[in-house]
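> I'd like to go over a predicted model; first the sequence, then the structure.
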Protein chains: 2
Amino acid sequence: MSPAPLYVDCDTGIDDALALGWLAASPEVEVVGVGTVSGNVSAAQGARNTIDVLALAGRSWPVAVGAAEPSEGGFTRSGFDGGATHVHGPSGLGGFSAPLAAASPLDVDAAELLISLAREHGGALRILAVGPLTNLAEALRREPALPSLIAEVTIMGGAALVPGNISPVTEANIGNDPEAAQAVLSAPWPVTLVPLDVTLAHPLDEAGRHRLLDSGRPLATALGEMLDFYFDFNSTFYGERRSALHDPLAAAIATGTVRPSVAPRVHVEVDTTDGPGRGQTICDLRGRFLGHPDQPGAHVRVVLELGSDFAPVLLDRLLEV
Amino acid sequence: MSPAPLYVDCDTGIDDALALGWLAASPEVEVVGVGTVSGNVSAAQGARNTIDVLALAGRSWPVAVGAAEPSEGGFTRSGFDGGATHVHGPSGLGGFSAPLAAASPLDVDAAELLISLAREHGGALRILAVGPLTNLAEALRREPALPSLIAEVTIMGGAALVPGNISPVTEANIGNDPEAAQAVLSAPWPVTLVPLDVTLAHPLDEAGRHRLLDSGRPLATALGEMLDFYFDFNSTFYGERRSALHDPLAAAIATGTVRPSVAPRVHVEVDTTDGPGRGQTICDLRGRFLGHPDQPGAHVRVVLELGSDFAPVLLDRLLEV
C-alpha cells in the first residue's frame, strides 16, 4: 500500500520535534505539508524550528507559517502570550541550538496550504494537529467543504478524565484557542482526540533519553539534548525527571502504529465560556461502567488507554532516523 | 467522649434514607436537627419522607422544611423541576409505602434551624449536607458569621476525576443549585467533599440488599424494599442491578467511621456559567503525580479514595437499627 498523504499542523517545541522525528521514520505516511501555529512558540519561530528539525532528519517537507494569533480570545483572551518558554525554552527547542537550515517557509499560509493539499489529494489527506487548532478552524472557515475532502483528523489535545495542564481542567492546545477547537471538534469529519489521559501516562525516562543521546545519529542526539530542558519542566509535576510524550503519541496513533485499547466515540464539547472551565474538552464518558460504548452520532474518538507502553516503540523508531 | 452535635440537610430519597439509617445507628454523633431541601423530591415531600424514615428507626429528630426553590437559576434555571422520580420513585422512597408517622415539621425553616443550632452549640456543630446546598447558602446569607460557629461541613456532591450524573461533568446535588454550592464551598469553613469518584466506586449489590430485606428489622427491611427501585435505575449505568451509596458514604465520613485514604485539600470552584460545564466542581488535582499534596489556603478536602470497602460497613451498621 502506498503511504497515506499527511498534513501536519504544529507549534514546534520539543515534543513536536519528537513527533516530526517519528513521522520522518514512518513509512506508513508521506508528509505532504506542514503548517505552524502560535502555541509553544510563535508560528514564525515554529516554522524555523520545524525546518531545522527536518533538516536534521534529512527531510525538506513544505512548511507554511500559519496563524500568529488565536481565533478569538485565546491565550487568556489577550492574544498570543509569547508561548511556553518555561516548558520548551526560549527558542522552543530547549537548550539545543540547531544549525540554521537553508530552506524557507512557503509564501502561502498554513490554512491555504491545507486547503490546497486537501483538494489535490481528493479525500485521501489525513491531518495530524499537535498545536492549537487555529489553522484548522481558519481552513474550515475559508472552505466549509473541507471535511468532505479529508480522510481523518488526529489531534493531540484535551483532558477527559484527568486534570488539565494550564488550568485544573484545561489542556494547553485546546485552552490556547477554545473557539477554534470547538469549530474543529464539531465539524463533520472523523476525529481521534489524544488527550492528557494517555500522553501523561506514557512518559519517557532518563534511560530512554540517554539511548537517544548516545545513538550517534544527528536527529536522535539533538532530540536527547532538547529533552534535557523538557525533563526539567516535566519534573515539576511528575516529581522526577521524565517527559510526557504528547505530540509523538498523537503522531504514532495517526500513522496507525500505536492502537488505542479504549477509545470510545462520544460527544465532545469545548467550554468556550469565560468561566473557570474555559477550554475544557467536555467528553461524555458516562458510559464508563458499560465498557464505554460508542454514542450514536458521535464522530470524535477519545483515546483513554493504550494496549502497551509507548516509550519503547518511540525510541525504536527515532533511532532509525 | 460525648457524641458530636450534627445538623443534617437532605432531600430524602432512597440514599438519603440509608444515610438517616446510618446516623440513627451511630453513637459518634447526636443529630440535633434535620433540614430538607428540594432535590430528589420537593422540600416538603422530603420532610414527610424524613419523618417517616426516622419513625421506622425509632427516632424523632426535629425536622424543618427548607428551600422549595434553588437559590438562583438551579434546576436548569427554571426552578424546581419536580425532582428525580425516575431515580427515587414518585414519592422518593421507591415502591415503599411508609406508614405515616404522627410527627410534623417545625415551624421554622431549615436555614433558621441551622443558624439557631449553630449558636446553641457554640462552634461544636457539624453539618452533613446530602442534597442541593440551597439551605446552607441561605443560612450563610442570613448569618455571614456562620462559618465561625461550625466545626466542619461534610457534603455529598460533585465529580472530580469521573463523569457527572446529570451532565458529562456535573453531579446532581451541585448541578441543581450551582450558585449555592459555590457560596458554600468558598465560605471559610473546613469542608469535606464526597464526590461521585468514591460514591460510585463503592456500590451495594443484590446480596447486600437481601441482607437488609431478610433482617426482620423494620428500618432495614424498609430500606431493602426501597432499594429495589433504586437498583433498577442504577442498573442503567452500572449495567447490573446494584446501587451507588452516595449519601450514606458521606454520612459515614461525617461520623468519622470511614476514613478516606486519598483526600487532598485543594482549591475547588463551581462552574456557575451557562456553558456546558455548568454545575461542575472544578477541583485542582494537578498534584496527582506528586501524591496529591494539600494546597496552601485550600479548605476543601476532596475524597478520592477510601482505604476499604464501604458496603459491608454500611450493612453491619444498618442491621443494628
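Now that the structure is in, tell me what you want to look at. Numbering: from 1, shown residues only, chains lettered A, B, ... in the order given.
> how about the closest residue to chain B within the stretch 51-200 of chain A, what does it touch?
As assessed by C-beta to the nearest C-beta, chain B sits closest to A:Pro168 within the stretch 51-200 of chain A, at 4.1 Å. Any C-beta I mention is one placed from the backbone N, CA and C, and that applies to glycine too. Going by C-beta atoms under 8 Å, 6 or more residues apart in numbering or on different chains, A:Pro168 touches A:276, B:267, B:269, B:282-286.
> Of those residues - the most surrounded one?
B:Cys283 (26 neighbours; other C-beta atoms under 10 Å in any protein chain shown).
> you'd agree that one is up against B:Ala263?
No - between B:Cys283 and B:Ala263 there is no contact under C-beta atoms under 8 Å: 11.1 Å.
> that's a helix at A:Trp61, yeah?
No - remark: A:Trp61 does not belong to a helix; assigned using DSSP: H, G, I helix; E, B strand; the rest coil, it is coil.
> How about it, nearest residue that isn't a chain neighbour?
Leaving out its chain neighbours, the residue that sits closest to A:Trp61 by C-beta to C-beta, 6 or more residues apart in numbering or on different chains is A:Val31, at 4.8 Å.
> Same question for A:Tyr230.
A:Ile14 (4.4 Å).
> how many other residues sit next to that neighbour?
Every residue meeting other C-beta under 10 Å relative to A:Ile14 is counted, giving 30.
> Got the phi and psi for it?
The phi and psi torsions at A:Ile14 (degrees, to the nearest 10) take the values phi -70, psi -50.
> And it, how close does it get to A:Val53?
With distances taken as C-beta to C-beta, to the nearest Å, A:Ile14 is found 10 Å from A:Val53.
> Give me the common contacts of those two.
Contacts common to A:Ile14 and A:Val53, judged by C-beta under 8 Å, 6+ apart, are A:Leu93.
> A:Ser308 and A:Ala252, how far apart?
For A:Ser308, the distance to A:Ala252 - C-beta to C-beta - is 11 Å.
> more crowded one of these two?
Under the neighbour definition other C-beta under 10 Å, A:Ser308 and A:Ala252 were set side by side, and A:Ala252 has more, 26 against 10.
> show me the contacts for the more buried one.
A:Ala252 neighbours (C-beta under 8 Å, 6+ apart): A:22, A:258, A:310, A:313-314, A:317.
> if we can go back for a sec, can you redo the contacts of A:Pro168 as CSV with secondary structure?
Converted to CSV, those look like this (three-state DSSP):
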residue, secondary structure
A:Pro276, coil
B:His267, coil
B:Glu269, strand
B:Ile282, strand
B:Cys283, strand
B:Asp284, coil
B:Leu285, coil
B:Arg286, coil
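> In which helix or strand does the closest residue to A:Leu213 other than its chain neighbours reside?
Leaving aside its sequence neighbours, A:Leu213 sits nearest to A:Gly224 (C-beta to C-beta, 6+ apart; 3.5 Å). Element membership for A:Gly224 (DSSP states H and E) is helix A:218-238.
> Residues contacting that helix, please?
Counting by C-beta under 8 Å, 6+ apart, residues outside helix A:218-238 touching it are A:14-15, A:17-18, A:21, A:24, A:53, A:56-57, A:86-89, A:93-96, A:98, A:165, A:203-204, A:206, A:209-215, A:241-244, A:318-319, A:321, B:286-287, B:289-290.
> and those residues, which are buried?
The neighbour-count test (16 or more other C-beta atoms under 10 Å in any protein chain shown) marks A:14-15, A:17-18, A:21, A:24, A:53, A:56-57, A:87-89, A:93-94, A:96, A:98, A:165, A:203-204, A:209, A:211-213, A:215, A:241-244, A:318-319, A:321, B:286-287, B:289 as buried among these.
> continuing past the least confident helix or strand in chain A by mean pLDDT, what's the next helix or strand?
None of the helices or strands of chain A scores lower by mean pLDDT, DSSP states H and E than helix A:74-77, at a mean of 51. Downstream of helix A:74-77, the first helix or strand assigned by DSSP H and E is helix A:85-88.
> so what does that following helix touch, helix or strand wise?
Helices and strands touching helix A:85-88, by 3 or more C-beta pairs under 8 Å, 6 or more residues apart in numbering or on different chains; DSSP states H and E, are helix A:218-238.
> The following helix or strand past the helix it packs on near chain B at all?
Where DSSP H and E defines the elements, the next helix or strand beyond helix A:218-238 is strand A:242-243. No - using C-beta under 8 Å from any C-beta of the partner chain, strand A:242-243 stays clear of chain B, with a minimum separation of 9.7 Å.
> still on that earlier bit, look at the residue nearest to A:Trp61 and give its secondary structure.
A:Val31 is classified as strand under three-state DSSP.
> Now, the contacts of helix A:218-238 that are in helices?
A:14-15, A:17-18, A:21, A:24, A:53, A:56, A:86-88, A:206, A:209-213, A:318 (DSSP state H).
> quick one: contacts for the residue most central in space within chain A?
The residue lying closest to the centre of chain A (C-alpha atoms, centre = their mean) is A:Val130, at 1.5 Å. Shown in contact with A:Val130 (C-beta under 8 Å, 6+ apart): A:8-11, A:15-16, A:19, A:155-156, A:173, A:246-247, A:250-251.
> what do you get for A:Leu6?
Per C-beta under 8 Å, 6+ apart, neighbours of A:Leu6: A:23, A:29-32, A:125-128, A:254.
> So, low pLDDT: which residues of the stretch 1-150 of chain A?
Within the stretch 1-150 of chain A, the segments meeting pLDDT under 70 span A:72-78.
> and with 90 instead?
By pLDDT under 90, the low-scoring segments of the stretch 1-150 of chain A are A:1-2, A:68-83, A:90, A:95-102, A:122.
> Make sure A:Ile155 is indeed in a helix.
No - assigned with three-state DSSP, A:Ile155 falls outside any helix and is strand.
> Give the closest residue to it in space, chain neighbours not counted.
Nearest to A:Ile155 is A:Ala129, by C-beta to C-beta, 6+ apart, at 4.9 Å.
> The one you found bridge partners, please.
A:Asp9, A:Ile155 (DSSP bridges).
> That one touches A:Thr154, doesn't it?
Yes - counting by C-beta under 8 Å, A:Thr154 is a contact partner of A:Ala129 at 7.3 Å.
> Between the two, tell me which one has more neighbours.
A:Ala129 (30 against 25).
> hang on, the earlier thing: so how far is B:Ala44 from the residue nearest to A:Ile155?
From A:Ala129 to B:Ala44 the distance is 54 Å (C-beta to C-beta).
> same thing with A:Val153?
52 Å.
> A:Ala118 too?
From A:Ala118 to B:Ala44 the distance is 61 Å (C-beta to C-beta).
> Those two - which one has more neighbours?
Higher neighbour count among A:Ala118 and B:Ala44: A:Ala118, with 24 against 14, using other C-beta under 10 Å.
> Is the more buried one in a helix, a strand, or coil?
helix.
> what's around the closest residue to it other than its chain neighbours, how many residues?
Nearest non-adjacent residue to A:Ala118, counting by C-beta to C-beta, 6+ apart: A:Leu149, 3.9 Å away. For A:Leu149, the number of neighbouring residues by other C-beta under 10 Å comes to 19.
> Contacts only, for A:Leu149.
So A:Leu149 contacts A:118-119, A:121-123, A:125, A:143 (C-beta under 8 Å, 6+ apart).
> Contact partners for the residue nearest to A:Ile155?
A:8-10, A:135-136, A:153-157, A:173, A:184.
> I figured A:Arg209 hits A:Ser243, correct?
Yes - at 7.5 Å, A:Arg209 and A:Ser243 qualify as touching, with contact defined as C-beta under 8 Å.
> Stretch A:265-273 near chain B at all?
Yes - judged by C-beta under 8 Å from any C-beta, stretch A:265-273 and chain B are in contact via A:267, A:269, A:271-273.
> Tell me the one of the residues you listed nearest chain B?
Closest to chain B, out of all of the residues of stretch A:265-273 next to chain B and judged by C-beta to the nearest C-beta, is A:Thr273, at 3.5 Å.
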